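S.K.: Test case, fold it:
(one chain, ligands or ions: 1)
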Amino acid sequence: MAADNISFEPTDRDDLLAPYAIRTRNSKGRKHAEPAHPYRSFYQRDRDRIVHSTAFRRLMHKTQVLVNQPGDYHRTRLTHTLEVTQISRTIARRLGLNEDLTEATALLHDLGHPPFGHAGETALDECMRDHGGYEHNRHGLRLVEVLEYRYPDFPGLNLSWEVLEAQAMHSKRPDAPEVKPYLAVGQPLLEAQVVDAADSLAYTCHDVDDALSVGLITLDDLATVRFWTCAMERAQAEHPRMQAEHLQPTVIRKLIDWQVVDLLEATMENLRAQKIGCVEDVRRAPRLLVAPGPEVRDLKADLEVFLRDRVYRHHRVMRMAYKGQRILKQMFEEFCAHPRALPTRYRLRAEAGDLQPTVCDYLAGMTDRYAQDEYLRLFQPTSFT
Ligand code: MG
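M.R.: Numbering: from 1, shown residues only. Down below sits the predicted model:
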């Protein structure tokens with residue numbers, strides 16, 4: 001990365017940043033040198049490039065837990081991403097962290113998910129077993145470093161090192177060549193840690209909300225979950241005459257707020273206790289510094305067990321998962337057997353000798369809806385479009 005191509009104008013508002021926040025002047029820069037922008041800061045450009053990418057728009061029709069269908073109002077990857085971004089920015093601002101970097105990191109964090117959520121990821125990983133496997137974090141990096149084609153001067157989006165590092169931190173294959181360099185710098189920046197914590201607290205809360213809304217679980221089922229009952233008691237104490245229809249959103253809001261406040265307090269205590277005074281201290285810390293306190297950590301773990309048993313393994317969710325996996329696996333086989341059936345851009349790559357990764361890239365880029373349509377185009381006997 002070329003650090004000398006970084007402009008310092010417009011710069012961070014140094015007076016608003018804590019000493020342990022990353023400054024753009026300390027960035028490791030971008031892979032391809034670029035002139036500074038006259039009015040947007042370094043990480044703001046990362047944010048804007050992510051929002052304008054094709055992969056970002058596709059989040060709108062990608063599964064979070066439930067397969068996206070017209071007329072459904074549960075979360076998709078896009079609305080989940082917006083919730084994570086909003087919570088992350090709140091936390092970052094309160095801690096005095098670099099809000100622009102936090103925002104860019106949050107907007108990017110789920111970009112590499114294939115259609116049909118984690119079920120789709122498992123299916124593609126199996127398809128690619130002999131060709132490097134598939135994992136959404138690595139694919140997210142691949143999208144923004146290689147696959148997006150929007151700029152004449154470089155492949156991908158040419159994002160800053162810090163955004164790419166934050167994306168790499170979750171990879172389950174830390175030894176993969178495209179991941180390893182980003183992980184050699186020590187602990188992740190606080191901005192990346194915030195997004196990770198916000199992601200986790202956001203999806204546990206909204207998965208409960210969505211599961212209630214679509215009838216996978218009932219309020220009675222949640223009577224055994226202490227985090228839920230405690231949050232409900234707090235909500236009812238504040239709103240003793242609350243209408244029944246307000247209960248669910250009020251408890252969900254309480255659950256989120258409780259976790260955000262706890263995360264802020266526990267993190268500030270960690271920063272104080274470990275005398276964190278600069279980015280190097282963050283890098284050298286023995287463990288992550290952005291983390292919930294012990295009470296919330298245990299309550300959340302208990303809620304996560306409930307979600308796994310009662311929601312993620314619900315027969316309606318499993319049915320969607322199996323169907324999504326079947327769709328992806330059959331298309332993978334079909335395109336590998338007949339690469340001439342691929343759209344031109346992919347066919348040329350496949351014919352140049354990169355067959356399986358190309359088919360995988362094509363499938364991973366699909367929305368749920370596009371995958372279903374493409375499957376019908378390929379296999380439905382009455383369709384010849
Ligand atoms: Mg997420």
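S.K.: what bits of the stretch 51-200 of the chain have low per-residue confidence?
M.R.: Along the stretch 51-200 of the chain, the parts satisfying pLDDT under 70 run over 66-72.
S.K.: all helices for it, in order.
M.R.: Taking DSSP state H, counting those that start in this stretch as the criterion, the stretch 51-200 of the chain carries its helices at 54-58, 77-95, 99-108, 117-127, 136-142, 161-168, 190-213.
S.K.: Next one: the nearest residue to Gly186 once chain neighbours are set aside from Pro357, what distance?
M.R.: Leaving aside its sequence neighbours, Gly186 sits nearest to Arg283 (Cβ to Cβ, 6 or more residues apart in numbering; 3.4 Å). C-beta: built from backbone N, CA, C; applies to glycine. Per Cβ to Cβ, to the nearest Å, Arg283 is found 33 Å from Pro357.
S.K.: neighbour-wise, which of those two wins?
M.R.: Comparing Arg283 with Pro357 by other Cβ atoms under 10 Å, the one with more neighbours is Pro357, at 15 against 12.
S.K.: quick one: the more buried one from Arg142, how far?
M.R.: Applying Cβ to Cβ to Pro357 and Arg142 gives a distance of 9 Å.
S.K.: Repeat that for Thr63.
M.R.: Plainly put, Thr63 is 20 Å away from Arg142 if you go by Cβ to Cβ.
S.K.: And for Gly112?
M.R.: Applying Cβ to Cβ, the value for Gly112 to Arg142 is 7 Å.
S.K.: Settle it for me: which of those two has more neighbours?
M.R.: Between Gly112 and Arg142, counted using other Cβ under 10 Å, Gly112 has the larger neighbour count: 24 against 19.
S.K.: shouldn't that one be in contact with Val146?
M.R.: No - using Cβ atoms under 8 Å, Gly112 is not in contact with Val146, being 11.8 Å away.
S.K.: Now do the helices in the stretch 201-350 of the chain.
M.R.: 226-238, 244-273, 279-284, 294-307, 315-337, 344-351.
S.K.: And the contacts of the third one?
M.R.: Spelled out, it's helix 279-284. Here helix 279-284 makes contact (Cβ atoms under 8 Å, 6 or more residues apart in numbering) with 20-22, 26, 185-187, 189-190, 274-276, 289.
S.K.: interface residues of the chain facing the ion?
M.R.: Listed as neighbours of the ion in the chain under the rule Cβ under 5 Å from the ion: Asp110, Asp199.
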